[in-house]
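# got a structure for you, letters missing:
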């Protein structure tokens, strides 16, 4: 006699605590980091529904900007893929650069500066490390001495802001360096003489020259 409700002897059925048999194998689906699982059927058990999705973000730190250099007062660096912008650090102060890979430093006051760059990221591409510091010396050209006048044997001119000294040139030859904005020319012989004055800086301030022609009778 055949009993229909008795499984064949070759069939083994075992349930786990979740009610899924040993013979079931999970199937996985991975799309844009959304992970879902379901149990697959190999026999009497139908495939399950998909599990609730699990979203997982894999982060990566952006590489440090390379080719950081300063030429003629302009800071440049190579673009970093996936960066949303950059930050420039100048002597500890940070400035945001939203577009481009250049930054002018020409407006800095005269002095010594240490400059670095890093790439800004987001929740996936993390902000990079700072680049190595690049040293920069900012200079400013002094104003040209103006209003050269000879009166009563004395050459005078307007003081130049930030000038430390002045070179006085007579007929193409530098004859003296003075700390004030006047020079005694009473010992010059008769004739037409040409004077020029150069304002001297401190190394970060460069000079300009102003000429004057005067006749000594």
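On my side now, so go ahead. Keep in mind the model is a prediction, meaning the values are calculated, not measured.
# counting neighbours, what do you get for residue 139?
A total of 14 residues lie near residue 139 under the criterion other C-beta atoms under 10 Å. To be clear about C-beta, it is placed using only N, CA and C from the backbone, and glycine gets the same treatment.
# show the low-confidence segments of this protein, by residue range.
For the chain, the stretches with pLDDT under 70 are 1-42, 203-217.
# domain assignment for it?
Taking automatic domain parsing as the reference, the chain has its domains at 61-138, 149-216.
# now find how far off-centre the last one is within its chain.
Taking C-alpha atoms, centre = their mean, to the nearest Å, one finds domain 149-216 lying 43 Å from the centre of the chain it belongs to.
# can I get the domains of the chain in JSON lines including mean neighbour count and distance to residue 43?
Formatted as JSON lines, the entries for the domains of the chain read as follows, by neighbours: other C-beta atoms under 10 Å; distance: least, C-beta to C-beta, whole Å:
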{"stretch": "domain 61-138", "mean neighbour count": "15", "distance to residue 43": "43"}
{"stretch": "domain 149-216", "mean neighbour count": "14", "distance to residue 43": "86"}
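# redo those as TSV? Include distance to residue 52.
Supplementary listing: those in TSV, determined by distance: least, C-beta to C-beta, whole Å:
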stretch	distance to residue 52
domain 61-138	22
domain 149-216	65
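# what about the ones you listed, which gets the closest to residue 51?
For the domains of the chain, proximity to residue 51 was assessed by C-beta to C-beta; domain 61-138 is nearest, at 24.2 Å.
# endpoint to endpoint, the closest one covers what distance?
Looking at domain 61-138, the gap from its leading to its trailing residue is 33 Å under the measure C-alpha to C-alpha, to the nearest Å.
# quick one: secondary structure of residue 176?
Assigned with DSSP: H, G, I helix; E, B strand; the rest coil, residue 176 falls in the strand class.
# what sits opposite it in the beta ladder?
Beta-bridge pairing of residue 176, defined through DSSP bridges, involves residue 168.
# check contacts around it.
Contacts here follow C-beta atoms under 8 Å, 6 or more residues apart in numbering; on that basis residue 176 touches 167-168, 183.
# which of those residues lies closest to residue 124?
Taking C-beta to C-beta as the measure, residue 167 is the one of the contacts of residue 176 closest to residue 124, at 60.9 Å.
# beta-bridge partners for the nearest residue to the closest one once chain neighbours are set aside, please?
In this structure, residue 167 finds its nearest non-sequential neighbour in residue 198, 4.1 Å apart by C-beta to C-beta, 6 or more residues apart in numbering. Counting by DSSP bridges, residue 198 is bridged to residue 167, residue 209.
# residue 198 reaches residue 143, doesn't it?
No: the criterion here is C-beta atoms under 8 Å, and residue 198 misses it with residue 143 at 11.7 Å.
# and residue 48, which of the domains of the chain is closest to it?
Among the domains of the chain, domain 61-138 comes nearest to residue 48, with 31.7 Å by C-beta to C-beta.
# sorry, back to before: just the closest of the contacts of residue 176 to residue 46, please.
For the contacts of residue 176, the minimum distance to residue 46 (C-beta to C-beta) is 98.9 Å, reached by residue 167.
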